[in-house]
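Participant: Here is my input, please return the structure:
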Amino acid sequence: MTSLQFTRANVTKAQARRLALLAIGLTAGLELLSGAICGHRDAESQAIGLLFLLLPLSPAIVALVAPNPLCSVAAVLPVAGWIIYAFYFECVRTYQGGGASMVYLGVWFYGFFSGIAAALLSIPLMRLLGLRISAA
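Facilitator: Here you go, the predicted structure:
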């Protein structure tokens with residue numbers, strides 16, 4: 001019977017922070033792309049859309065100053081998934097009737113809580129995989 005062995009990886013805190021900022025930026029870009037394709041929004045509406053995204057991205061932003069900034073990457077992943085889900089329901093899927101779409105509230109509400117859960121679950125996962133954050 002063999003056991004799983006992972007190689008230990010050291011990542012500097014600066015590298016982890018850059019990767020986390022890239023993940024947050026890509027998620028904001030995904031929101032902008034969704035708004036441009038689906039809503040045909042102007043610059044002012046896009047800026048408001050990014051402000052709307054601050055709540056679901058707040059766990060990722062807080063994780064930037066944590067001892068392990070890679071938790072921020074984990075916190076961003078479910079938010080991106082909820083943005084894609086909302087894009088599908090508002091723009092790709094045919095209209096089913098019944099009034100205004102409220103699916104984007106799921107990005108706001110579920111994105112926030114799933115971001116917190118993902119950030120917290122990433123800590124033991126990274127420890128299990130042997131991923132360490134070094135100061136220098």
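
Participant: now the strands: where do they sit in this structure?
Facilitator: With strands called from DSSP state E, the chain shows them at 9-12, 131-134.

Participant: Single out the most deeply packed of the ones you listed.
Facilitator: strand 131-134 (a mean of 15; mean count of other CB atoms under 10 Å). Backbone N, C-alpha and C define where each C-beta goes, glycine included.

Participant: for the record, mean pLDDT for that strand?
Facilitator: For strand 131-134, mean pLDDT is 85.

Participant: I'd like to know which elements it is packed against.
Facilitator: Contacts defined by 3 or more CB pairs under 8 Å, 6 or more residues apart in numbering; DSSP states H and E place strand 131-134 against strand 9-12, helix 13-34.

Participant: helices and strands around the first one, which ones?
Facilitator: Packed against strand 9-12, as judged by 3+ CB pairs under 8 Å, 6+ apart, are the following elements: strand 131-134.
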